[in-house]
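Q: Quick one: sequence and predicted model below, then my questions.
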Amino acid sequence: MDLNFNKNEDQNKLKLSELKRRLAQVRLGGGKSRIEKHHAKGKMTARERIEYLLDDDAEAIEIGVFAGEDMYEEHGGCPSGGVVVKVGHIQGKQCVVVANDATVKAGAWFPITGKKNLRAQEIAMENKLPIIYLVDSAGVYLPMQDEIFPDKEHFGRIFRNNAIMSSMGITQIAAVMGSCVAGGAYLPIMSDEALIVDKTGSIFLAGSYLVKAAIGESIDNETLGGATTHSEISGVTDYKAKDDKDALDKIKNIVDKIGDFDKAGYNRSEAKPPAENPNDIFGILPASRSDQYDMLEIIKRLVDDSEFEQYKEGYGQTILTGYARIDGWAVGIVANQRKVVKTKKGEMQFGGVIYSDSADKATRFIANCNQKKIPLVFLQDVTGFMVGSKSEHGGIIKDGAKMVNAVSNSVVPKFTIVIGNSYGAGNYAMCGKAYDPRLIVAWPSAELAVMSGNSAAKVLLQIEKASLEKSGKAVDAEKEKELFDQIKQRYDDQISPYYAAARLWTDAIIDPLDTRKWVSLGIEAANHAPIEKAFNMGVLQV
């Protein structure tokens, strides 16, 4: 291995180490002391509940673990958005599990909590997966109620989705394992089946204090809405459990009886590991986002037996397209080539830039995958579309629009891996979050923004300088550098993969070596939902 490989490996493994450190911290939820208090009540934590429920927690994937990071510091923070979401297997059946983390503000709903719950429901609805709710929440976080309660994609959308999923035949099971208050009380009751844990679970539209204030009635919470009340008097819940484990065992028994599902029919054969060493990824991927590398070498370390059948190999070379298998599943891969390439006409094309011929090739390939019912995997490391008079005169906007059209109207499941840059319209064409990938994840090396930090800082610096000079303030070289550094630092914070993950622009930041697992579990989930409409790109300028 050369020196450059070793330097890259060191830098990328440092980033992976940072990821693991941050994961360990956020998985503590509200902290060790609150976990201990939770245990003292005879309750398991959200993560303990999910681990007990799943067949193999290590084989599950977690959605939105960094949701809310650094977003609510003035309110004491909201690790993981106060809710844990995983996709895994229960009694051999793939399910979505959503568990309120009562160690974080008693499981109260922040704005990001609502967004994360909606994302969990979206995954269940798109893939027709059973969804399990482990409820332990104090309801809406009142100081921020205006950002979580009234809008279309706010708290009420959860219950609307409950009703829609019921009509779609998607199994929903809710276990009330703690507080379930006010509007939140509708979630378990709008599920197909509801369980409640004796002495710790409670459901009511208004607690005893509010009842006393509103109508003058004096009553304790257990009598008002405890397990005995709802299992034996109101009939609101279907099962009464003696403790958390008993409730989770009952869920396992219910899921175990669910019938088989209609398959979408995606092609799968025996899985094979890559022939090339996946650990080489850390040395191949440059430490700097501006450096070149051969994306084909990354692909060889992600796909089965390192076999990649390229489509239009010699044409539109700044995008790689082709067929492969990942964990046995047949996939079509669309990837940004990150090295400078030379065309047959002798022209040089920059790596990571989408040219007209690249966009045309990708459009045709996406259409082919839709015709053949092959899931699509996008590997993003893109700086955008080519600019300049030659590109504009050649119709780059039209060719880019064709690619965006194909991505938008694709009916096969799409999965997006942000490996490096994800800038500008390149993010859109390569199936960014707005284009409904079933799952979208980032490597620790990813950057998501309208443009690079360096480019954006230069533009913003010119605006800042003009403003200062207009007000009569001189800007010398030293001051200019100071301003540039300040602007770039601020912008760099925003292009971090953690900034994106905190806002659920991506589902997760993952170890590159877990990429195969995420894609495989994603296609397995998508296989629950047969394609219901034909691929049609509508009106298209050709």
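A: All right, it came through fine. Numbering: from 1, shown residues only.
Q: Okay, helices next: where are they in the stretch 301-450 of the chain?
A: Assigned by DSSP state H, counting those that start in this stretch, the stretch 301-450 of the chain shows helices spanning 356-372, 389-393, 396-409, 424-429.
Q: ranking those by mean pLDDT, which is last?
A: Here the lowest mean pLDDT among the helices of the stretch 301-450 of the chain goes to helix 389-393, at a mean of 81.
Q: As PDB, could you dump the C-alpha coordinates of that helix?
A: Extracted in PDB, the C-alpha atoms of helix 389-393 (Å, rounded to 0.1, in the frame of the first residue of the first chain):
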ATOM      1  CA  SER A 389     -21.200  28.100 -22.200                       C
ATOM      2  CA  LYS A 390     -20.300  24.800 -23.800                       C
ATOM      3  CA  SER A 391     -22.500  22.900 -21.400                       C
ATOM      4  CA  GLU A 392     -25.400  25.400 -21.600                       C
ATOM      5  CA  HIS A 393     -25.300  25.400 -25.400                       C
END
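Q: Could you give me the buried positions within it?
A: The neighbour-count check on helix 389-393 (16 or more other Cβ atoms under 10 Å) flags Ser391 as buried. For glycine as for every other residue, the C-beta is placed from the backbone atoms N, C-alpha and C.
Q: Can you give the distance from that helix to the centre of its chain?
A: In terms of Cα atoms, centre = their mean, to the nearest Å, the centre of helix 389-393 is set 36 Å apart from its chain centre.
Q: Any regions of the stretch 351-500 of the chain where pLDDT drops low?
A: Applying pLDDT under 70 to the stretch 351-500 of the chain flags the ranges 451-453.
Q: where along it do the strands fall?
A: Ranges of strands in the stretch 351-500 of the chain, per DSSP state E, counting those that start in this stretch, are 353-354, 376-382, 384-385, 414-423, 439-442, 447-449.
Q: what helices or strands is the last one leaning on?
A: It refers to strand 447-449. With contacts taken as 3 or more Cβ pairs under 8 Å, 6 or more residues apart in numbering; DSSP states H and E, strand 447-449 sits against strand 414-423, helix 477-495, helix 497-502.
Q: Can you report phi and psi for Lys20?
A: For Lys20, the backbone dihedrals (degrees, to the nearest 10) come out as phi -60, psi -40.
Q: show me the contacts for it.
A: Lys20 is in contact with Asp511, counting by Cβ atoms under 8 Å, 6 or more residues apart in numbering.
Q: Need the winner for burial among the helices and strands packed on strand 447-449.
A: strand 414-423 (a mean of 26; mean count of other Cβ atoms under 10 Å).
Q: Pairing partners for it, with directions?
A: With DSSP bridges as the criterion, the sheet partners recorded for strand 414-423 are strand 376-382 (parallel), strand 439-442 (parallel), strand 447-449 (parallel).
Q: Mean neighbour count and distance to Leu19 for those - can I get that in TSV?
A: Listed next are the strands paired with strand 414-423 as TSV, based on neighbours: other Cβ atoms under 10 Å; distance: least, Cβ to Cβ, whole Å:
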stretch	mean neighbour count	distance to Leu19
strand 376-382	27	18
strand 439-442	25	10
strand 447-449	21	15
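Q: got those strands as JSON lines, with distance to Ser358 columns?
A: Formatted as JSON lines, the strands paired with strand 414-423 follow (distance: least, Cβ to Cβ, whole Å):
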{"stretch": "strand 376-382", "distance to Ser358": "10"}
{"stretch": "strand 439-442", "distance to Ser358": "21"}
{"stretch": "strand 447-449", "distance to Ser358": "21"}
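Q: between the ones you listed, which gets nearest to Gly235?
A: For these, proximity to Gly235 was assessed by Cβ to Cβ; strand 439-442 is nearest, at 38.9 Å.
Q: what's the closest one in contact with?
A: Strand 439-442 has contacts (Cβ under 8 Å, 6+ apart) with 61, 123, 415-418, 431-433, 448, 497, 500-501, 505-510, 515, 518-519, 522.
Q: The stretch 51-200 of the chain: strands as residue ranges?
A: Under DSSP E, counting those that start in this stretch, the stretch 51-200 of the chain gives strands at 61-63, 83-90, 93-100, 131-137, 172-181, 193-197.
Q: and of the ones you listed, who's closest to Thr321?
A: Shortest separation from Thr321 across the strands of the stretch 51-200 of the chain is recorded for strand 61-63, at 26.1 Å, computed as Cβ to Cβ.
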